[in-house]
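A.B. asks: Sharing a model that was predicted from the sequence below.
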Amino acid sequence: MASRENSEANGKTASELKLIDDESSHTRVLASLPWTKAPLCWLTPQQQTLLKKRAETLRFGLGEKIWPKDGVGYQFVIVNGKVRLRQEGVGKPLATLAAGDWFGSLQELPLECKAVAASKDVVVVRWPVTVWAEISTPQIEEFWRG
């Protein structure tokens, strides 16, 4: 599992990602994912194993940026807490997401969109979009288009 430490007291700017060697927590988080709901339920056991191997579990604090749309391609599912999708320069959030919700590079979001932790403790699991490309089907692609 990973956590972020703030470089500023206001919690708005996160510094380096700090990996924590806690395999049992990571395993528990993966077991808690919605494997019986779309899109995970559409995967074969082999594809689910691939996702488990390539998953990263991350923890964020209130106000920390989780993902910028223009950044490296990742797909996320929220395990705990709330996440706000915000468009740069717009005050009102596009959406507030909660546990079980997905966001990331595979979804059609405004180019200048970012995801920000909206709870004190947010846990997400992320995968590079290349992993999803390996196992993608028309059904999964339609799910991301929503």
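C.D. replies: Yep, that arrived. Keep in mind the model is a prediction, meaning the values are calculated, not measured. Numbers count the residues shown, from 1 in each chain.
A.B. asks: what sits opposite the closest residue to residue 80 other than its chain neighbours in the beta ladder?
C.D. replies: Using CB to CB, 6 or more residues apart in numbering and skipping residues adjacent in sequence, the residue nearest residue 80 is residue 123, 4.1 Å away. Backbone N, C-alpha and C define where each C-beta goes, glycine included. Following DSSP bridges, residue 123 is listed with bridge partners residue 59, residue 80.
A.B. asks: I'd like to know how many residues surround residue 123.
C.D. replies: Residue 123 is surrounded by 22 other residues when neighbours are defined as other CB atoms under 10 Å.
A.B. asks: Same question for residue 106.
C.D. replies: Using other CB under 10 Å, residue 106 has 21 other residues around it.
A.B. asks: same deal with residue 124?
C.D. replies: Look at residue 124: counted by other CB under 10 Å, it has 29 neighbours.
A.B. asks: Equivalent analysis for the one 10 residues further on, please.
C.D. replies: Residue 134 is flanked by 12 other residues according to other CB under 10 Å.
A.B. asks: so who does it touch?
C.D. replies: By CB atoms under 8 Å, 6 or more residues apart in numbering, the contact set of residue 134 is residue 50.
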